[in-house]
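> Structure for the following, please:
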Amino acid sequence: MVSSAVLFVLAAAAASVDAGTLAPTLDGGAPTSAAPISPMPTGAASATGTPGEPTKAKLPEKVAEVLFTFDDGPAIDKTPELLDTLDRFGVKTIFFVNGWHFQGTNKAAERAREVMREAVRRGHLIGNHTVHHYFLCGKLYLKRADAEIDQNAELIEQAIGMRPLLFRTPYGSHCKEIQAVLARHGIDAIGWDIDPQDWRVKNTKKVVEYVEHHLKTLRGRAILLLHDVHATTIAAVPEILTWINDENQRRLHTGEPQIKVIDYRYLLPKVQLVPPALNSLGQVMLKWLAQPPANSGATR
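Numbers count the residues shown, from 1 in each chain. This next block holds a predicted model:
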């Protein structure tokens, strides 16, 4: 007969935790739960589509969900204002950062590192976007892809105390060569679905109108790409979020699906609490425990 204590340990060993259930913390206290405007549905499919390719989320037709993401920062004179805006609306996001902003010992680099730490303290996620934002599918910079990814991960870890869990290729570059590089690193690149080209137009009104237009007809889940290094984008975010709130009030009377601003948890990889061998043994024990006894007098 197997003792109850042993069974408990083996069953517990079979458990795994979804990294998305907890947001990182920097103060040594309990991890903070991410808090989107509206709670995301449990068990929803992840979306890691390439740029311009819709994310294949298996959701009901009457669901409209959007995740905000920001690339190319941090910008020490702009990102802090964005953090305050996101706090005001209860939005959690991913910042895909470039290491050149926070590399080195100068004051600007240290301020950029502090902005990243503050973002994590507020429940946001820091993602890897390489050090220099090179076009990695080009012949010249493909040779530097490994170093660009590794070095940026190291810089992020030095700044916030943990390596990034998510990665986005600069320019959304996608080719078989970079796919091989990502495979070696065990990385899936995160793409996007809505791109207002804010870095190019640099016009708050046009960015807002573009995003609103796409959210009006959104069904399923989409990732929104923005850049926190442009003042026009920083000004556009509160207008977009205010519009979402107003639009949802209107939809209460029309029966249209609410637009839910979700957080990043559905994208995070699952983290095993125990080594694979012990986890497998625990799974076997769980199945054994679930079996009905052979007869009423059977004991375990």
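> per-domain residue ranges of the chain.
With domains defined by automatic domain parsing, the chain comprises 1-33+270-300, 47-268.
> For the residue nearest to L224 when sequence neighbours are not counted, list the residues it contacts.
Leaving aside its chain neighbours, L224 sits nearest to I194 (4.6 Å; criterion: CB to CB, 6 or more residues apart in numbering). For glycine as for every other residue, the C-beta is placed from the backbone atoms N, C-alpha and C. Contact analysis of I194 by CB atoms under 8 Å, 6 or more residues apart in numbering lists 66, 211, 214-215, 222-225.
> Just give me the residue closest to the centre of this structure.
Note on the chain: the residue nearest the mean C-alpha position is Y264, at 3.7 Å, using CA atoms, centre = their mean.
> pretty sure T69 is touching V91, no?
No - with contacts defined as CB atoms under 8 Å, T69 does not count as touching V91, sitting 11.1 Å away.
> in a strand, that's where F70 is, yeah?
Yes - counting by DSSP: H, G, I helix; E, B strand; the rest coil, F70 is located in a strand.
> For it, give me the pLDDT.
Note for F70: predicted pLDDT of 98.
> if we can go back for a sec, which of the domains of the chain comes out lowest on mean pLDDT?
domain 1-33+270-300 (a mean of 50).
> longest helix anywhere in the chain?
helix 231-251 (DSSP state H).
> And R122, how far from P80?
R122 sits 11 Å away from P80, going by CB to CB, to the nearest Å.
> er, E154 I mean
Note on E154: its distance to P80, by CB to CB, is 24 Å.
> Neighbour count: these two, which is higher?
More crowded of E154 and P80, by other CB atoms under 10 Å: P80, with 17 against 13.
> which secondary structure elements does the helix or strand harbouring that one contact?
Taking DSSP states H and E as the definition, one finds P80 inside helix 79-89. Under the contact criterion of 3 or more CB pairs under 8 Å, 6 or more residues apart in numbering; DSSP states H and E, helix 79-89 touches strand 64-71, helix 107-121, helix 231-251.
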